[in-house]
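A.B. asks: Here is the input, now give the coordinates:
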Amino acid sequence: MNAWLSALRPRQWAKNVLVFAAPLGAGRLFEPDILLPSIGAFVAFCLISSATYLVNDVRDVEADRAHPKKQHRAIASGRLSTTTAVVTAIVFAVVALAMSWWIQPALAGVVAAYAATTLIYSLLLKHEPVVELALLAMGFLLRAIAGGAASDLPISQWFLIVAGFGSLFMAAGKRFSELERARRDGDDAAPRRSLAGYTPGYLRFVWAVSAAVTITAYCLWAFDVAQTPSSFPWAQWSVVPFVLAILRYAVDIDRGEAEAPEDAALGDRVLLLLGVIWVVMFGLGALGL
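C.D. replies: Below is the predicted model:
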């Protein structure tokens, strides 16, 4: 059971909180007919993401066995059979699609797009520089879109830009950290073949440009949200914790500590505090309080 649970990578479910971003931005997250579908979307993404993790681990089992850290994964170590992993992946995928279709057909389309994108990445394009970076960012973006799809909410164009370039920022930071770890460990053979197509300078350029676009688009989005009558300009002031959070996460990237975005976010208390402050301030602004 422990091996099965570890193969599902529950720590990475933290990424799926992105499904609540669109309802929060619309100021309607806490309405029952919005909150419940959003929670359902979160569960569906936990199921479908775990299914894709299992497929990826089965696909890379031999490479993982030769990796100093990944060799301890449940499938690579032999604690979980590939047959069990494949069956579990199929069951989880079917349940995720059925649940999302029951919530909203549009959500099922987003979940299916995520599954297709992830499978294309895992099976065909994970070693293609730039292309794999775009697919990795797409996984984050689809999570953000799912919240609006689940509740049939219109999604702001500024939100899409923030989510898209914010996703690219995290994806490039992840690869930069992997490259830095390989360099520090003196590993001439990069842990991913796609890393051979990158240089630290190029990845630094990508995440720096992505951060700049994300911050600019967020400022425009925040001032758009600020048009909702409020007792205090919460939305405008939410720019401060948002920018500080981006800059703080950039410190983690620069140190090579953002290889796992969920671990970097959860392990940095200052970043968590900034995130909480941002959620409160932006939420108050979106709700018009």
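A.B. asks: Stretch 118-135: which residues count as buried?
C.D. replies: Neighbour counts over stretch 118-135 (16 or more other C-beta atoms under 10 Å) mark 118-119, 121-122, 126, 131-135 as buried. Yep, even glycine has a C-beta here, placed from its N, CA and C like the rest.
A.B. asks: What about those, which are in helices?
C.D. replies: 118-119, 131-135 (DSSP state H).
A.B. asks: Return the closest of these with respect to residue 202.
C.D. replies: residue 133 (10.3 Å; C-beta to C-beta).
A.B. asks: and the nearest residue to residue 220 once chain neighbours are set aside, what does it touch?
C.D. replies: Leaving aside its sequence neighbours, residue 220 sits nearest to residue 158 (C-beta to C-beta, 6 or more residues apart in numbering; 5.3 Å). Residues in contact with residue 158, defined by C-beta atoms under 8 Å, 6 or more residues apart in numbering, are 217-218, 220-221, 224.
A.B. asks: give me the number of residues near residue 218?
C.D. replies: Residues lying near residue 218 (other C-beta atoms under 10 Å) number 23.
A.B. asks: my bad, residue 54
C.D. replies: 27.
A.B. asks: Backbone dihedrals for the residue nearest to residue 184 when sequence neighbours are not counted, please?
C.D. replies: Nearest residue to residue 184, sequence neighbours excluded (C-beta to C-beta, 6+ apart): residue 256, at 6.8 Å. Here is the backbone geometry of residue 256 (degrees, to the nearest 10): phi 80, psi 30.
A.B. asks: Just send the ones in helices among the buried residues of stretch 118-135 back as CSV, with pLDDT and distance to residue 93 too.
C.D. replies: Shown next, in CSV, are these (pLDDT from 0 to 100; distance: C-beta to C-beta, whole Å):
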residue, pLDDT, distance to residue 93
118, 89, 11
119, 87, 10
131, 88, 24
132, 86, 22
133, 87, 25
134, 88, 23
135, 88, 18
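A.B. asks: quick one: which of those residues is nearest residue 196?
C.D. replies: Distance to residue 196 across these (C-beta to C-beta) is lowest for residue 132, with 12.1 Å.
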